[in-house]
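Engineer: Give me coordinates for this.
(2 chains)
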Amino acid sequence: MAMKRKASALAGLLAATALGLGYAIAQDGPKADVIHIWVSAGESAAINVVVDQFKKEGGVWLDSAVAGGQNLVPAVMSRIAGGNPPTAYQALAGRAFEDLWEQGLLNDIEETATADNWRDVLPAPLVEIMENEEGKIFLIPLGMHGPNWIWYSTEVLEKSGVTEIPTNFDETFFDALDKVEAAGYIGFVVGKQSFQERFLMETVMLALGGKDYWNGIWGDRDDTLVRSDMTRKVFETFRRLSTYADEGAAGRTWPVNTNLLITNKGGFNVMGDWAKGEFKAAGLTALEDYGCVLPGDKPWFLLQADMMAVPAGPEPDRAAAQNLLAHVAMEKDVQVGFNLNKGSLPPRTDVPREAFDDCAQRGFDSYTDPDLTVATVNMFFTPKDAGLWEDLVSEFFNNPDLSVDEAIDRLSTIVQEAD
Amino acid sequence: MNSWIARFALVPAAMVAFGVFVGCLLWTLVLSFTNSKLLPSYRWVGLDQYEKLFSSSRWAVSVENIVVFGIWYIGLCLLFGYILAVLVDQRVRGEALLRTIYLSPHAMSLIVTGLVWAWFLNPQLGLQGFLRGLGWESFSFAWLADPNLAIYAVVIAAVWRGTGLVMILMLAGLRGVDQEMLKNLQVDGVPKWRVYAQVVPPIVAPMILTSVVLLAAGVINSYDLIVAMTRGGPGISTEVPGKFVMEHFFARADVGVATAGATVMLAALVVIAAPLLYLRSRISQRREASGG
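Structural biologist: Numbers count the residues shown, from 1 in each chain, chains lettered A, B, ... in the order given. Reported below is the predicted structural model:
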């Protein structure tokens, strides 16, 4: 009896040692615990390109994906505030990082950025966003998205007799909408969700007003620009667009909107280039089955970047893991692989572009031209103030009783009182 | 000796309840007077956050909505719950089955309820689309797309779910009604509906008050149903305080305004519930004193 007990105790000890040793051997590379929301088929394939390369270069990847964009911020913030920060997390560039910086909760990856010459291969406007107040790079750029595209179904436009493809929200555009509606299709496909309404408004604002107007309002907070005739025109055009919303628009999600174009039931749609993923998944070819336009007098590109931020923490190998992740994410093959799967554009300007479709090529041309790139509202305003802007836009889109004058007054207040 | 052990065993639970519940409540209150944005900070700003809260049109719409929603929801739940309880109380056959059927919506999560009703009330995919497809071209039931009517669509879904609970509570109350007295009234020639409309409600008043308190708590906290059904839309027409607070905590990174909103919500609930609970305890005491 005693022998049996001794034997089993010994066996247990050996097993534990083996397990511990094996565990230690398996976990010898720098560990990265990453939070992101890339869980759909295309998105998973995209992030796996990064994961595989990270593992090849000796890192250990712990995936902490969350489903649903609105769950990302709560998940990240509760972990940071709770003292268990992830090694990296997906984030959109913007002023949301200010609070974290002030409390010393973020690391930077300047080490890798300098070693790999990031500043030579990334466009200058992007680098500006990626640097903190001390001039150190603290964000890892994975993909560039532009939220301001007009998409259209070539078949619907053909069948409606639309011959001139509009490039701005002008009379050509509204003529085309009317023709499509007369032919029995949905002219302008929009979903009544506040983020869609906001993207639409910002697209219209940038297309009609141009870069200087945009920067003047959001950057310089110039009240004369806010109260100018251009703003009036923007709001009136936006209101005109709201009259084209069909009955099923209430709460309709963006993939369903894109699907209406794919199934040739709708003519035009304004959405970011993540919609391209839907077209691709349905097997459609760019510029043949569907078309894309960056609207405006010039093809402005609203810089919305998928980045990874790297919080500070106590582990000794944290900085090593973060720098390795930064190095891997910026490798040319990884950039091409990630973005091909995701439908976005590689931030690096020196990657081979042949594999990307025609719409992406248009994006490339705009995105690499510093005169055409424009920062999003999130980069000028804190989440709180950007939220007030979104509330105003959504209310204006849905409530015909809110007059243009009233809306301009409210915009003026928001801009003047923003932090 | 045993009772001391029993009390001692409760101490950890009481500490947790007190520490977590009351402690967090106080912390929320304190934060509403600071300038916290994404993470808590302790710089005192007095009533600034409350000023911002009360001058926000979105908050004003949410308060209006919660009052409208609350009145209709509580009113209709009480009415339908009472009627269903009376009907089920008639000692019909299959009473247990009926109770289960009427209570089963309550077992569904609010998210499921919201989604199902959103599909049902969708102009193209739901009831309107279906009836139009059958040939009734002019049928219209697009409340969810109309900013003025959307909140009533949410009331429908909420009442569908909440009636079962009220029915069960009323049923328990009805079981306490003296059957002899009811029979005597019937013999006297009083029609049954008058008995149930005028004589019985005062007897089941404690149950009515309990239901109102429970329903009111559900109303003030409503968040899941709105998110699942309308996401606060169209525009901000179905915005409610619960959703306002949640969004400001996370997406808007504005803990100051969010905690101010949460404090106001708590104050509202206390103002509603306290007198009702007090009234209920007075009624029960009086009944015990007079022999039940």
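Engineer: buried set for stretch A:367-377?
Structural biologist: Buried residues in stretch A:367-377, counted by 16 or more other C-beta atoms under 10 Å in any protein chain shown: A:Y367, A:L372, A:T373, A:V374, A:A375, A:T376, A:V377. (Each C-beta comes from the backbone N, C-alpha and C, glycine too.)
Engineer: got it, and stretch B:207-220?
Structural biologist: Those would be B:207-216, B:218-220, for stretch B:207-220 by 16+ other C-beta under 10 Å.
Engineer: With respect to per-residue confidence, which of those is lowest?
Structural biologist: In terms of pLDDT, B:I220 ranks lowest among the buried residues of stretch B:207-220, with 81.
Engineer: what sits against that one?
Structural biologist: Neighbouring residues of B:I220 by C-beta atoms under 8 Å, 6 or more residues apart in numbering or on different chains: B:I66, B:G70, B:P241, B:G242, B:M265, B:A268, B:L269, B:I272.
Engineer: residues near the second one, how many?
Structural biologist: The reference is to B:G70. 20 (other C-beta atoms under 10 Å in any protein chain shown).
Engineer: what's the answer for the fourth one, then?
Structural biologist: Taking other C-beta under 10 Å as the criterion, the count of residues near B:G242 is 22.
Engineer: Now it: which helix or strand?
Structural biologist: In the assignment (DSSP states H and E), B:G242 maps to helix B:241-249.
Engineer: Distance from that helix to the middle of the chain?
Structural biologist: Relative to its parent chain, helix B:241-249 has a centroid offset of 17 Å by C-alpha atoms, centre = their mean, to the nearest Å.
Engineer: pLDDT (mean, whole number) over it?
Structural biologist: The model assigns helix B:241-249 a mean pLDDT of 88.
Engineer: ok, now stretch A:391-410?
Structural biologist: Mean predicted confidence for stretch A:391-410 is 92.
Engineer: likewise stretch B:101-118?
Structural biologist: Per-residue scores along stretch B:101-118 average to 90.
Engineer: do it and chain A meet at all?
Structural biologist: Yes: contact of stretch B:101-118 with chain A (C-beta under 8 Å from any C-beta of the partner chain) involves B:A118.
Engineer: Just the terminal-to-terminal distance for that stretch.
Structural biologist: End-to-end distance of stretch B:101-118: 22 Å, with C-alpha to C-alpha, to the nearest Å as the criterion.
Engineer: what's the answer for stretch A:392-404, then?
Structural biologist: Span of stretch A:392-404 from end to end, C-alpha to C-alpha: 11 Å.
Engineer: quick one: buried residues of it?
Structural biologist: For stretch A:392-404, by 16+ other C-beta under 10 Å, it's A:L392, A:V393, A:S394, A:E395, A:F396, A:F397, A:N398, A:N399, A:L402, A:V404.
Engineer: so where's the longest helix in chain B?
Structural biologist: Longest helix in chain B, counting residues (DSSP state H): helix B:255-289.
Engineer: Excluding chain neighbours, what is closest to the closest residue to chain B within chain A?
Structural biologist: Using C-beta to the nearest C-beta, A:N398 is the residue of chain A that sits closest to chain B, at 3.0 Å. Nearest-residue entry for A:N398: B:G235, 3.0 Å, with adjacent residues in sequence omitted and distances by C-beta to C-beta, 6 or more residues apart in numbering or on different chains.
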